[in-house]
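>>> What would the 3D arrangement of this be:
(one chain, ligands or ions: 1)
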Amino acid sequence: MSHLLPLSRVAKLINQPRHKLQEVIRSGLLATFDGMVELDELLRMFPDVKWDDDAEFRRVQEIKDKAFAKRVYENVLPDKEVLAARLTELGDEYAAARTLLLHYGNVMAWLDEKIDEFDEEASAETHHALHSVRAFLLRNLAEMPPDALLAQAAIAQERILKVMSAHVTIQPSGHEFIVEGNDTLLDAALRNGISLNYGCSNGNCGECKARLVSGEVKKVRAYDYMMKQADKDAGVILLCAYAPVNDVVIETNVEGAHAIPVQQISAKVKSVEIFNPQMAALHILTPRSQRLRYLGGQSIEVSIDGGRGRYAIASCPCEDRNIELQIPHRPGDVLADAVFTALKAGDTVALEGPFGEFVLDEDSPRPVIFLAFGIGFAPIKSLVQHAMSLELAESIDLHWVADEAGHYQDNLCRTWADALDNFNYVPHAQPDDLDAVLEAIVLDYPDLHRFDVYAAGTAAQLDRARAHFVRQGLPEVRWFAGAIDA
Ligand code: FES
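Residues are numbered from 1 along each chain as shown. All right, here's what the predicted structure looks like:
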């Protein structure tokens with residue numbers, strides 16, 4: 001019987017990002033069956049994978065975690081009831097496999113006896129045939145096929161992954177993600193950059209309702225929301241209160257930018273990070289019960305005593321309650337003055353948003369070029385991280401054309417480039433001649449018609465960049481621009 005594995009788990013097993021696996025599938029080299037891959041096919045396609053060595057995957061995951069998903073390490077084990085249910089399921093599978101083996105052993109012993117019985121009255125020809133059959137069976141039972149150890153290692157790893165995590169498919173969008181540790185379905189979806197409808201995230205509002213289509217879930221957080229009997233009967237659950245026991249399919253909407261409501265949140269300053277005299281990052285923590293829903297590339301309005309401004313969010317929606325804004329130090333800007341001189345951890349800031357539709361086209365599998373002009377790096381950083389968490393693009397190139405604030409997060413970009421083999425970072429010094437820089441960039445892409453380009457900068461910079469990219473062959477509809485204030 002073939003052993004089928006879901007794609008997301010396969011990507012983890014072979015230590016490759018999902019988009020790489022999808023490339024292989026798109027090219028027709030690896031067959032899938034309803035989003036599943038056969039183990040034999042997998043072993044044929046990736047004969048060199050070391051099933052007991054996940055060092056490379058861990059290295060990438062560590063960088064990704066450090067860069068944008070702050071996992072709490074004491075929470076890496078699943079909830080104890082979920083763990084118990086998964087172990088019970090694994091025990092049942094083991095018992096069934098062992099019973100089947102015992103049965104095969106009994107059949108073999110019976111066959112052995114029968115051959116002896118027939119042999120007593122058999123002709124010389126039948127005697128020879130019976131002994132050949134017995135020798136064939138014994139030899140094949142004693143000798144494992146050459147790739148059996150490989151299959152055993154792959155199945156062992158997959159079983160461990162199945163105990164520690166569960167695979168989720170969302171209908172009708174087709175999004176997939178893995179729930180690890182003691183995350184709820186909502187936590188895990190957000191950590192994977194998937195924008196679901198939710199409100200309080202602690203079981204009060206009912207906005208995270210979704211229908212369980214298949215699989216089993218367990219309640220891992222208490223909740224006060226009163227679920228109607230009709231909803232219960234239809235299999236509706238709260239995503240913020242349930243975790244999957246095994247692989248599940250849920251039915252809910254993945255929201256686009258236009259469907260996310262403007263929210264007002266009173267949040268706290270977590271820290272201020274001064275990059276240089278022109279640029280600082282304001283790190284904000286939203287309340288546990290009121291996280292900000294937004295998509296990578298969107299903006300929010302921030303107010304503190306006497307100061308207010310709209311800024312592109314520089315963090316990823318996958319960062320849970322953590323929001324980063326990048327604040328340029330402009331003369332006469334009260335909010336920027338406060339950030340650079342007075343604001344400290346624990347101070348209150350009022351947030352309103354999100355705004356804007358400069359967001360990823362999640363349906364596009366095309367390679368992506370991100371182009372940041374100066375402080376346009378903030379929304380681009382958010383989009384890059386969001387694209388990474390969704391594992392969307394087959395490759396990501398980041399071009400950052402500096403202004404007087406310089407490449408103030410150069411190290412972070414280099415870390416991404418070191419960690420991810422499909423990520424390429426090209427910093428450009430503050431130019432005397434912007435058109436010359438843009439022309440040099442586009443000439444590096446003779447196949448620009450294949451790409452999506454996301455650019456953020458002033459309206460003037462964006463107009464000039466767009467002209468160069470379109471002239472070089474980029475389809476106009478694949479140009480996405482986010483204008484920022486100079
Ligand atoms: S988000 Fe409010 S009940 Fe789940």
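>>> Can you tell me how far Thr252 is from Glu391?
Per Cβ to Cβ, to the nearest Å, Thr252 is found 20 Å from Glu391. Where C-beta positions appear, they are placed from N, C-alpha and C, glycine not excepted.
>>> The two: which is more packed in?
Thr252 (23 against 20; other Cβ atoms under 10 Å).
>>> ok, now which ones touch that one?
By Cβ atoms under 8 Å, 6 or more residues apart in numbering, the residues touching Thr252 are Ile170, Leu196, Asn197, Lys209, Ala210, Arg211, Leu239.
>>> same question, Asp452
Asp452 neighbours (Cβ under 8 Å, 6+ apart): Asp361, Ser364, Arg366, Pro367, Val368, Ile369, Ala393, Arg478, Phe480.
>>> What's opposite it in the beta bridge?
Val368 (DSSP bridges).
>>> what about it, distance to the ligand?
Counting by Cβ to the nearest ligand atom, to the nearest Å, the gap from Asp452 to the ligand is 32 Å.
>>> roughly how far apart are that residue and Val269?
Here Asp452 is placed at a distance of 35 Å from Val269 (Cβ to Cβ).
>>> what do you get for Glu216?
Per Cβ to Cβ, Glu216 is found 42 Å from Val269.
>>> Which one's more surrounded, the two?
Val269 (19 against 15).
>>> Does the more buried one touch Ala342 like I think?
No: Val269 lies out of contact with Ala342 (Cβ atoms under 8 Å); the separation is 10.5 Å.
>>> ok and the residue in the stretch 351-486 of the chain nearest the ligand?
At 17.3 Å from the ligand, Pro354 is the closest residue in the stretch 351-486 of the chain, using Cβ to the nearest ligand atom.
>>> Just the element for Arg288, please.
Using DSSP states H and E, Arg288 sits in no helix or strand.
>>> whoops, Ser364 was the one
Using DSSP H and E, Ser364 sits in no helix or strand.
>>> Is it in contact with Glu394, as I believe?
No: under the criterion of Cβ under 8 Å, Ser364 is not in contact with Glu394, lying 10.4 Å apart.
>>> I'd like to know how far Asp224 sits from Asn204.
The gap separating Asp224 from Asn204 is 5 Å, by Cβ to Cβ.
>>> Isn't the residue of the stretch 351-486 of the chain closest to the ligand up against Ala312?
No: between Pro354 and Ala312 there is no contact under Cβ under 8 Å: 10.0 Å.
>>> coming back round to it: give the buried residues for the strand or helix carrying the residue of the stretch 351-486 of the chain closest to the ligand.
For Pro354, the enclosing helix or strand under DSSP H and E is strand 348-355. Applying a neighbour-count criterion of 16 or more other Cβ atoms under 10 Å, one finds Val349, Leu351, Glu352, Gly353, Pro354, Phe355 buried in strand 348-355.
>>> So what's the predicted local confidence for Pro431?
Turning to Pro431, the model gives it a pLDDT of 95.
>>> Isn't it up against Ile441?
No: here Pro431 does not reach Ile441: they are 10.8 Å apart, not a contact under Cβ under 8 Å.
>>> Show me which of these two is the more surrounded one.
Using other Cβ under 10 Å as the criterion, Pro431 and Ile441 rank with Ile441 on top: 20 against 15.
>>> In contact with that one, which residues?
Ile441 sits in contact with Leu371, His399, Val426, His428, His468, where contact means Cβ under 8 Å, 6+ apart.
>>> shared neighbours of Pro354 and Ala312, anything?
Here Pro354 and Ala312 have Gln298, Ser299 as joint contacts, going by Cβ under 8 Å, 6+ apart.
>>> Confirm His283 sits in a strand?
Yes: His283: assigned to a strand according to DSSP: H, G, I helix; E, B strand; the rest coil.
>>> Is it bridged to anything, and to what?
Bridge pairing for His283 - DSSP bridges - gives Ser271, Glu324.
>>> From Gly309, how far out is it?
Distance, His283 to Gly309, by Cβ to Cβ: 16 Å.
>>> Which segments of the protein make up each domain?
Following automatic domain parsing, one finds the domains of the chain at 4-66, 80-160, 164-257, 261-355, 368-483.
>>> By mean pLDDT, show me the worst of those domains.
Checking each of these, the one with the poorest mean pLDDT is domain 4-66, at a mean of 69.
>>> need the residues of the stretch 51-200 of the chain near the ligand, please.
The stretch 51-200 of the chain comes close to the ligand at residues Tyr198, Gly199, Cys200, as judged by Cβ under 6 Å from any ligand atom.
>>> Mind putting the residues you listed into a markdown table with neighbour count and secondary structure?
What follows is those, written out as a markdown table (neighbours: other Cβ atoms under 10 Å; DSSP: H, G, I helix; E, B strand; the rest coil):
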| residue | neighbour count | secondary structure |
| --- | --- | --- |
| Tyr198 | 22 | coil |
| Gly199 | 17 | coil |
| Cys200 | 19 | coil |
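>>> Report the separation between Met279 and the ligand.
35 Å.
>>> How many residues are close by that residue?
As a burial measure, Met279 scores 24 neighbours (other Cβ under 10 Å).
>>> Equivalent analysis for Ala267, please.
20.
>>> And it, its phi and psi?
With angles defined as degrees, to the nearest 10, Ala267 sits at phi -120, psi 180.
>>> I'd assumed His283 was in contact with it.
No: look at Ala267 against His283 with Cβ under 8 Å: they stay out of range, at 10.5 Å.
>>> Please identify every residue contacting each of the two.
Common contact partners of Ala267 and His283 (Cβ under 8 Å, 6+ apart): Ile323.
>>> State whether Leu212 is indeed within a strand.
Yes: Leu212: assigned to a strand according to three-state DSSP.
>>> Could you find the closest non-adjacent residue to it?
Once flanking residues are discounted, Leu212 sits nearest to Gly235: 4.5 Å by Cβ to Cβ, 6 or more residues apart in numbering.
>>> How are the helices of the protein distributed by residue range?
7-13, 18-26, 39-45, 55-68, 80-120, 124-142, 148-164, 185-191, 229-233, 334-341, 377-390, 410-419, 434-443, 459-471 (DSSP state H).
>>> what's the most buried one of these?
Most buried of the helices of the chain, by mean neighbour count (mean count of other Cβ atoms under 10 Å): helix 377-390, with a mean of 27.
>>> Do I have it right that Val82 meets Ala243?
Yes: at 5.2 Å, Val82 counts as touching Ala243 under the criterion of Cβ under 8 Å.
>>> any common contacting residues for these two?
In terms of Cβ under 8 Å, 6+ apart, Val82 and Ala243 are both contacted by the residues Asn182, Lys218, Val220.
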